[in-house]
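Participant: need a structure here:
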Amino acid sequence: MNRTATSPIAVGWQVNRCLWAAVGGSAIYLIWLAQTGNVRVAPNVALALIFVGAGNAALRTYSGWRRGGFNDRRASWIFNLVDVGILSLAVYATGGARSEFWLLYLVLVVAESTTSTPHDLVWLLGITCGSYGAAVSADGLSSEVWLSWTPRVFVLMIVAAFARGLASIQTGKQAEVSRLRAEMAAVNERGRIAREMHDGLGHQLVGSLVRLELARKLVEKDPSRASQILESEVPALRKAWGEGRDAAFNLRAWEPNPGGLAEAVRESVDLFAKRANLEIDLRVQGKIPVFSSPHQLDILRILQEALTNVARHSGATSAVVELASEGLKLMVSVTDNGSGMDALALQSGMGLRSMRERAERLGGTVEIRAASDGGCCLELAMPLNSREDT
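Facilitator: From the prediction side, this is the model:
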């Protein structure tokens, strides 16, 4: 499987550009305060805060890049606690109640409001408000401290509630969009299979009926010729039966696999290998993230169509299916050991058009090329940042 070279800096910016913008702006502001003598700690301590903050941001970015998203609850809590601690130290170092660094608490709370559960958000708000209170009251609980801490904590709570409400609305809309996409995908799939049955299976059956009718008429006049026709039509009818079986298989009710995409691919590959009597080696690389039901269905349909082409046209005895998470991309490839496929037939085939339409919905591409051993390789490449988490 080909790997796409991507700059680490570009990947880091794509994964969490808002985080890096906040870190960069905070570093510049803190350096300016240190240069003007408006910090109560030594300049070396201020620089240490900058490096720790940048290091935590780098670990966040690396974790999100390697995992395909920020879905690890334990890791997220560790990063959040480190962020709260760094912000509280920055607030204390730059004047306590007079520090403007409290605004970064808003960035943290808003970011987590869109992804955390209500229970986790309440805990994060409590820890944030308590940590902020400790930072501003280090010099004593004066009226100035109370007058600055109280309204700012109130603002934090209001912003968190508002952001959480917007996130809930967005989640509901995404669920509705996912449902509509699933319905559209099912309608399009039925239409595609109907066209295939009409253009392929239908024509084959009509041709077989004509030849069988001819054989019936030749039974008495030319028994040898009639026998030849009957023998030649057996493989054709067997092929037509196989295509009808495949169409029925693809029209069956589909439910997303609770084990995720990797488990769904494994189940689909095992089932196809048994039905087609084909040896298939499945290789999974990296941590495969969670996909919405419509996206998981599109990926599986592309894989099934690719395997069907291998079984029908390539004359292969074995195939390799690779599923890999590479940086910000998901790669799915099917490579066979057959005699290769007619490129012109593939370009004009309805199956390939269907695969490319699905890939476009995923924001990706489908490419076909010759394999190193003379077979054929079909590869789907799609960006992980276009997926919809369930």
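Participant: hang on, Thr335 in a helix?
Facilitator: No - if the criterion is DSSP: H, G, I helix; E, B strand; the rest coil, then Thr335 is strand and not within a helix.
Participant: ok, the closest residue to it other than its chain neighbours - contacts?
Facilitator: Leaving out its chain neighbours, the residue that sits closest to Thr335 by C-beta to C-beta, 6 or more residues apart in numbering is Cys377, at 4.3 Å. Bear in mind the C-beta positions are built from the backbone N, C-alpha and C, glycine included. By C-beta atoms under 8 Å, 6 or more residues apart in numbering, the contact list for Cys377 reads Ser333, Val334, Thr335, Asp336, Ile368, Arg369, Ala370, Ala371.
Participant: beta partners of Cys377?
Facilitator: Note on Cys377: beta-bridge partners Thr335, Arg369, judged by DSSP bridges.
Participant: in terms of pLDDT, where does it sit?
Facilitator: The per-residue pLDDT reported for Cys377 equals 88.
Participant: out of the contacts of Cys377, who's the most crowded?
Facilitator: Greatest neighbour count in the contacts of Cys377, by other C-beta atoms under 10 Å, goes to Asp336: 29 neighbours.
Participant: thought Ile280 was touching Lys274?
Facilitator: No - in this structure, Ile280 is not within contact of Lys274 by C-beta atoms under 8 Å, at 9.8 Å.
Participant: comparing these two, which residue is more hemmed in?
Facilitator: Each of Ile280 and Lys274 has its neighbours counted (other C-beta under 10 Å); Ile280 has more, 19 against 10.
Participant: wasn't the more buried one part of a strand?
Facilitator: Yes - assigned with three-state DSSP, Ile280 falls within a strand.
Participant: ok, and what's touching the helix or strand hosting Val109?
Facilitator: Val109 is located in helix 103-113, with elements delineated by DSSP states H and E. By C-beta under 8 Å, 6+ apart, the surrounding residues in contact with helix 103-113 are 18-19, 22, 26, 76, 80, 83-84, 87, 90, 120-121, 124-125, 128, 132, 155-156, 159-160, 163-164, 167.
Participant: next: stretch 83-93.
Facilitator: The contact list for stretch 83-93 (C-beta under 8 Å, 6+ apart) reads 26, 30, 39-41, 45-46, 49, 52-53, 56, 99, 101-102, 104-105, 108, 124, 127-128, 131-132, 134-136, 138.
Participant: just give the closest residue to Ala319, not the sequence neighbours.
Facilitator: Leaving aside its chain neighbours, Ala319 sits nearest to Asp336 (4.4 Å; criterion: C-beta to C-beta, 6+ apart).
Participant: surely that neighbour and Ser318 touch.
Facilitator: Yes - Asp336 lies in contact with Ser318 (C-beta under 8 Å); the separation is 7.2 Å.
Participant: and the next helix or strand past the helix or strand Leu303 falls within?
Facilitator: For Leu303, the host element (DSSP H and E) is helix 293-309. Downstream of helix 293-309, the first helix or strand assigned by DSSP H and E is strand 318-326.
Participant: ok so, going back, average pLDDT across the helix holding Leu303?
Facilitator: The average of the pLDDT scores along helix 293-309 is 84.
Participant: domain ranges for the protein?
Facilitator: Using automatic domain parsing, the domain parsing of the chain gives 8-140, 254-390.
Participant: pull the helix or strand with minimum mean pLDDT from this structure.
Facilitator: helix 343-348 (a mean of 47; mean pLDDT, DSSP states H and E).
Participant: what residues does stretch 359-376 touch?
Facilitator: 181, 294-295, 298-299, 302, 310, 314, 316, 330, 335-341, 343, 346, 352, 355-356, 377-383, 386.
Participant: any buried residues in that stretch, and which?
Facilitator: Buried residues in stretch 359-376, counted by 16 or more other C-beta atoms under 10 Å: Ala359, Arg361, Leu362, Gly364, Val366, Ile368, Ala371, Gly375, Cys376.
Participant: mind checking which of those are in helices?
Facilitator: Among the buried residues of stretch 359-376, the members found in helices (DSSP state H) are Ala359, Arg361.
Participant: widest-spaced pair of the buried residues of stretch 359-376?
Facilitator: By the measure C-beta to C-beta, Arg361 and Gly375 form the most distant pair in these, at 27.7 Å.
Participant: which residues does Leu166 contact?
Facilitator: Listed by C-beta under 8 Å, 6+ apart, the contact set of Leu166 reads Thr114.
Participant: one more time with 10 Å
Facilitator: Under the criterion of C-beta atoms under 10 Å, 6 or more residues apart in numbering, the neighbours of Leu166 are Val110, Ser113, Thr114.
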